[in-house]
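K.L.:
sequence unknown, structure follows:
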C-alpha cells in the first residue's frame, strides 16, 4: 500500500467527505498544522498518517538513524527536542529531516534492514474511521423534543463506586439539562469542553463531531447510572488525534486510578501491524488492573482495527436495530469480542442547527433540541462499559473478573453468524 494523491477516487463519497474534513482540520490546527496523508487499500482507506514523522521503538533509535541519516551523530539527534520526542517509555516520535525520504519511504528502508514493527507511521486515530462507512456510522439525526433516551435510564444504582475514564470529544457545557448526566465531569474544565469555544450563532451552529463524547457518556450513564465518569477531549481535531499526542494523555490518565478505560476510536494501520505506542501503554494498564474497552469501528469489514484488536482489549461491534443481527456498518471477525446494540440509539446532544457534510445528505440542515439519534460502534461500546461497571458494583468483583464473567455470558447467548452478544438490562 502506498500513498496516493488520487485517494478520493478510490473511496465512497461518504468516506471521502469525512476524510477531507479530517485532512482540512489537521492542516488548520492552531499548532501550525500537520500534513495528513492517505494510503488507499481495497477500495477504501488503508491507513491515515502524518507526513514527516514516524514512531520508533526507543531501543532501536540509534540503528534507525544510521539507516536514515548515515554519518549523523545519533546522540545529537536524540537530544534535539525538535527532532525526537518521547511519546511513552519505550517509544519516541522522530521528525524526519528535509533530506530524508518521505515517511513511507523511510519505513520501507527500516523494514528491509530491521524488520517490521520497529518503526511505524504516526497514525491518525479517529471517531470517524472507516472504509465503507465512518464511525459514527451516521451523522446525528433529528428526534422529537423531550424524547426519552434509548436505551432508557436504568434506576438500579449500577456502577456505584466505579470510575470510568473516557477518551472522546469532551463534554458539552449544557449537560446539566439531562438528569442522567449529572455528575459526569471533564478531566480539565478548560481543555475538555466540547467544543473548546462556545457555540456561535442564533440558533447555535453545531460543528461536526460536537456532542459525540456527551452522547457516549449519556449511553453509559443510562446503563450504569451511578458510575463516576471523567471525559477527556482527546479528539478535538475533527474527532481525531495522532497516536503521538493521544498516548501521552492516556498515560497521564493512569494516575486517576480508573477501573475502566473507555476508548471510542478506531484506526487501521500500515500492514495491519499493532500501534507500538499504544502497545506500551496497554502494558502499563495491565499492571494497574483496569480493563480497556474500544469500539471495533464501522467499516463493515473483518480487517483488524486498533486498539480494539489488541489482545486484552475488549473490542465491541454493533447489533442492528432489532438487536438480533449485526449492523451492516459494524466491523466483525474473531478479534471482535462482543456485540451490543448500536443502531438508532437516542441520547444527549447539543442544541442548535447542524449542517450535514457527508454524502448523500451534504448541505441538509438539521435542528436539534438537546437530543439526537445516532448509530455506530461508538455507541454500542458504552453499553458494554456500563454493564461491566454495573456488575463491578453489584458483585464486588475486580474489573477484570467482571469483564470476564460478562464475556462468558455473551458467548453463552451468541447469535449464529454474529458472535457473542450483550444487551442492556
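P.N.:
The structure has been received and is ready for your questions. Keep in mind that what you see is a predicted model, and the values were worked out from it rather than measured.
K.L.:
could you list the low-confidence segments of the chain?
P.N.:
Applying pLDDT under 70 to the chain flags the ranges 1-7, 10, 32, 43, 128-136.
K.L.:
got the domain ranges for it?
P.N.:
Domain assignment for the chain by automatic domain parsing gives 7-124, 163-412.
K.L.:
need the winner for burial among those domains.
P.N.:
domain 163-412 (a mean of 21; mean count of other CB atoms under 10 Å). Placement of C-beta: from N, CA and C, glycine included.
K.L.:
end-to-end on it?
P.N.:
End-to-end distance for domain 163-412, by CA to CA, to the nearest Å: 28 Å.
K.L.:
distance from it to the middle of the chain?
P.N.:
The chain centroid and the centroid of domain 163-412 are separated by 7 Å under CA atoms, centre = their mean, to the nearest Å.
K.L.:
re earlier: any chance of the domains of the chain in a markdown table, with distance to residue 137 too?
P.N.:
Putting the domains of the chain into a markdown table (distance: least, CB to CB, whole Å) gives the following:
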| stretch | distance to residue 137 |
| --- | --- |
| domain 7-124 | 10 |
| domain 163-412 | 4 |
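K.L.:
residues contacting the residue positioned nearest the centre of the chain?
P.N.:
The centre of the chain sits closest to residue 265, judged by CA atoms, centre = their mean, with a distance of 1.3 Å. Contacts for residue 265 (CB atoms under 8 Å, 6 or more residues apart in numbering) come out as 125, 126, 127, 129, 167, 235, 246, 294, 295, 307.
K.L.:
out of those, list just those in helices.
P.N.:
Using DSSP state H, the subset of these located in helices is residue 246.
K.L.:
between the contacts of residue 265, which is closest to residue 353?
P.N.:
For the contacts of residue 265, the closest approach to residue 353 (CB to CB) belongs to residue 127, at 21.2 Å.
K.L.:
gap between the residue nearest to the closest one when sequence neighbours are not counted and residue 378?
P.N.:
Distances taken as CB to CB, 6 or more residues apart in numbering put residue 239 closest to residue 127, at 4.2 Å, once the chain neighbours are dropped. Residue 239 sits at a distance of 9 Å from residue 378 (criterion: CB to CB, to the nearest Å).
K.L.:
given the helix or strand where residue 94 lies, what are its sheet partners and their directions?
P.N.:
In this structure, residue 94 sits in strand 91-95 according to DSSP states H and E. Here strand 91-95 is paired, per DSSP bridges, with strand 44-57 (antiparallel), strand 84-88 (antiparallel).
K.L.:
circling back: intersection of neighbour lists for residue 239 and residue 378?
P.N.:
127, 212.
K.L.:
who's in contact with residue 253?
P.N.:
Contacts of residue 253 (CB under 8 Å, 6+ apart): 165, 167, 187, 232, 261.
K.L.:
tell me the two of those that are most distant?
P.N.:
187 and 261 (12.5 Å).
K.L.:
mutual contacts of these two, please.
P.N.:
165, 253.
K.L.:
for the stretch 151-300 of the chain, which segments count as helices?
P.N.:
212-223, 243-253, 276-288 (DSSP state H, counting those that start in this stretch).
K.L.:
the last one vs strand 84-88, what angle?
P.N.:
Angular relation of helix 276-288 and strand 84-88 on a 0 to 180 degree scale: 40 degrees, by axes from the mean of the first three to the mean of the last three CA atoms, to 10 degrees.
K.L.:
residues in contact with helix 276-288?
P.N.:
Contacts for helix 276-288 (CB under 8 Å, 6+ apart): 55, 57, 87-91, 117, 120, 243-244, 247, 250-251, 254, 257, 261, 292, 306-307, 310, 312-313.
K.L.:
isn't residue 102 up against residue 49?
P.N.:
No - using CB atoms under 8 Å, residue 102 is not in contact with residue 49; the gap is 10.5 Å.
K.L.:
wait, what's in contact with the residue nearest to residue 127?
P.N.:
22, 126, 127, 128, 169, 208, 209, 212.
K.L.:
on that earlier part again, looking at the strands paired with strand 91-95, which is closest to residue 363?
P.N.:
When the strands paired with strand 91-95 are compared by CB to CB, strand 44-57 sits nearest residue 363, at 23.7 Å.
K.L.:
just how off-centre is that closest one within its chain?
P.N.:
16 Å.
K.L.:
surely residue 103 meets residue 51?
P.N.:
Yes - using CB under 8 Å, residue 103 is in contact with residue 51, at 5.6 Å.
K.L.:
what do the two both touch?
P.N.:
Taking CB under 8 Å, 6+ apart as the contact rule, residue 103 and residue 51 both touch residue 37.
K.L.:
backbone dihedrals for residue 321, both of them.
P.N.:
For residue 321, the backbone dihedrals are phi -60, psi -30 (criterion: degrees, to the nearest 10).
K.L.:
for it, give me its contacts.
P.N.:
Here residue 321 is in contact with 327, 343, 344 (CB under 8 Å, 6+ apart).
K.L.:
go through the residues you listed and say which is closest to residue 200.
P.N.:
residue 344 (29.7 Å).
K.L.:
my guess is the closest one meets residue 375, correct?
P.N.:
Yes - between residue 344 and residue 375 a contact is recorded at 5.8 Å, counting by CB under 8 Å.
K.L.:
follow-up on the earlier one: ok, so of the contacts of residue 265, who is nearest residue 404?
P.N.:
residue 294 (16.9 Å).
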